[in-house]
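K.L.:
got a sequence here, can you build the structure:
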Amino acid sequence: MNPWLLWTALSHTARLSTVLQILLYLPLTLATLSTSAFLLLSLLLSVHSLIHGTLILLWGSSALSVMQVPMHPFLLLVSFNAFAQITHPLLATATRWWAKFLTFSGPSFVALEGLSSLLVAQKVGQVGKALADEAESYQLAILLASAAAYVMSFWWIVVAYPAAATSPLSSTLLGVALTAFLFLTVIGFWLRRTNIVESAMLSLFLAYNVWLCGFDQTSFTDPASSYAPLLSNILPHLQTLVNFITNTLPKPVLVALVYRLAILQLASRILPTIGADAWEADESSDGWDGRPTSIMTRILLIYRQSIFVMVYSHLLLLDPASQVWWRWANIMFTLILWSVELTVSPDEDDVSVKWKVE
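P.N.:
A predicted model of the protein is given here:
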């Protein structure tokens, strides 16, 4: 067998193992021990991820992904042992400050998700416009796809409405969001600063957040009530562990985590393309790698494991009610950002004209 193929398979397996371990260990610690132990594990994983990303930045070897795999079980054992007896005051202080950091980082995570969603929607709209200009045969397919997205979005909202609009305030917020979306779509068409593809993508974003606001919280049980401590018989323990994985992992958190990380990844790929022509025309530039957005994208991709741990930890700390209100904040922030982007961008800006879809 080709050694390169074998090493590639091993490194990809190691990366997958890292993701699965983080996904399991954090809620497992929160369920079986305490919030303080969970915060300690989250802090240790974040510090480890920062060190791992720095080594990749300095060394750049693919062996690091394999070498870090044993670290996660080790940090889990450290967290369990640290809270199996009287906790040291320094650990309590560290976890308390880490909890405050995650709490204060919440608005940043929400803003980044909304900004990235808008950026991805505009990129899809730009690609759709380019395809429509390239050949008339694409126009019908784009119109049908956009219409299907609209229908799916509003059907999704109608289905999620009974669970999402459980109070007068949430019903009002949903009405305001839908009215604002329709109003901004009409304004964007009138100003020729958006198109049907971008609007359809944002309708899907709106429907996704409304659905999360009404996610059935009874579809999974409290992890702390379904996981048992270690038993002398390994078979019942393994059955309990399987039950924990399949039934008690926080499904809304996992859905929100996957979407947030995916949209941040896509946005980081799109950022370097904004204003590329203007940058390349600058004779004093150092090329693509010297662009600020390219450097920022590289840093984000290198430290994506740290972002993964912090975003996941923050979502796990939120109770269902807090998650709902953060969802509404995300919807309103994105709509406000879209309204500013539609009405404020100057028409004579070359980058804006090339990037924005007319």
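K.L.:
and S146, what does it touch?
P.N.:
By CB atoms under 8 Å, 6 or more residues apart in numbering, the contact set of S146 is 128, 196-197, 199-200. Using the backbone N, CA and C atoms, a C-beta is placed for each residue, glycine as well.
K.L.:
which residues of the chain score low on pLDDT?
P.N.:
The chain contains residues with pLDDT under 70 at 1-2, 216-250, 274-296, 345-358.
K.L.:
kindly recompute the last result at 50.
P.N.:
217-234, 276-288, 290, 348-355, 357-358 (pLDDT under 50).
K.L.:
what residues does stretch 331-350 touch?
P.N.:
Against stretch 331-350 from outside (CB under 8 Å, 6+ apart): 110-111, 114-115, 117-118, 173, 176-177, 180-181, 184, 187-188, 191, 193-194, 202, 205-206, 209-210, 278, 352-353, 356.
K.L.:
where's it relative to the chain centroid, distance-wise?
P.N.:
22 Å (CA atoms, centre = their mean, to the nearest Å).
K.L.:
buried stuff in that stretch?
P.N.:
Using 16 or more other CB atoms under 10 Å as the test for burial, stretch 331-350 gives 331, 333-335, 337-338, 341-342.
K.L.:
output that stretch as PDB, nothing but the C-alphas.
P.N.:
What follows is stretch 331-350, C-alpha atoms only, in PDB (Å, rounded to 0.1, in the frame of the first residue of the first chain):
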ATOM      1  CA  ILE A 331     -32.200  37.100  13.500                       C
ATOM      2  CA  MET A 332     -32.600  40.800  14.300                       C
ATOM      3  CA  PHE A 333     -28.900  41.500  14.100                       C
ATOM      4  CA  THR A 334     -28.700  39.900  10.700                       C
ATOM      5  CA  LEU A 335     -31.700  41.800   9.300                       C
ATOM      6  CA  ILE A 336     -30.300  45.100  10.700                       C
ATOM      7  CA  LEU A 337     -26.900  44.300   9.100                       C
ATOM      8  CA  TRP A 338     -28.600  43.500   5.800                       C
ATOM      9  CA  SER A 339     -30.600  46.700   5.900                       C
ATOM     10  CA  VAL A 340     -27.500  48.800   6.500                       C
ATOM     11  CA  GLU A 341     -25.600  46.900   3.700                       C
ATOM     12  CA  LEU A 342     -28.500  47.600   1.300                       C
ATOM     13  CA  THR A 343     -29.000  51.300   2.000                       C
ATOM     14  CA  VAL A 344     -25.600  52.700   3.000                       C
ATOM     15  CA  SER A 345     -23.100  51.200   0.600                       C
ATOM     16  CA  PRO A 346     -21.900  53.900  -1.900                       C
ATOM     17  CA  ASP A 347     -22.700  53.200  -5.500                       C
ATOM     18  CA  GLU A 348     -19.300  54.600  -6.700                       C
ATOM     19  CA  ASP A 349     -17.300  52.100  -4.600                       C
ATOM     20  CA  ASP A 350     -15.500  49.800  -7.000                       C
END
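K.L.:
give the buried residues for the strand or helix carrying I22.
P.N.:
With elements taken from DSSP states H and E, the one containing I22 is helix 3-32. For helix 3-32, burial by neighbour count (16+ other CB under 10 Å) applies to 14-15, 18, 21-32.
K.L.:
same check on stretch 108-119?
P.N.:
Going by neighbour count (16+ other CB under 10 Å), the buried part of stretch 108-119 is 109-110, 112-119.
K.L.:
can you tell me which of those residues are in helices?
P.N.:
Counting by DSSP state H, the buried residues of stretch 108-119 place 109-110, 112-119 in helices.
K.L.:
CSV for the residues you listed, including distance to W4?
P.N.:
Below are these laid out as CSV (distance: CB to CB, whole Å):
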residue, distance to W4
F109, 38
V110, 42
L112, 36
E113, 37
G114, 41
L115, 39
S116, 34
S117, 38
L118, 40
L119, 36
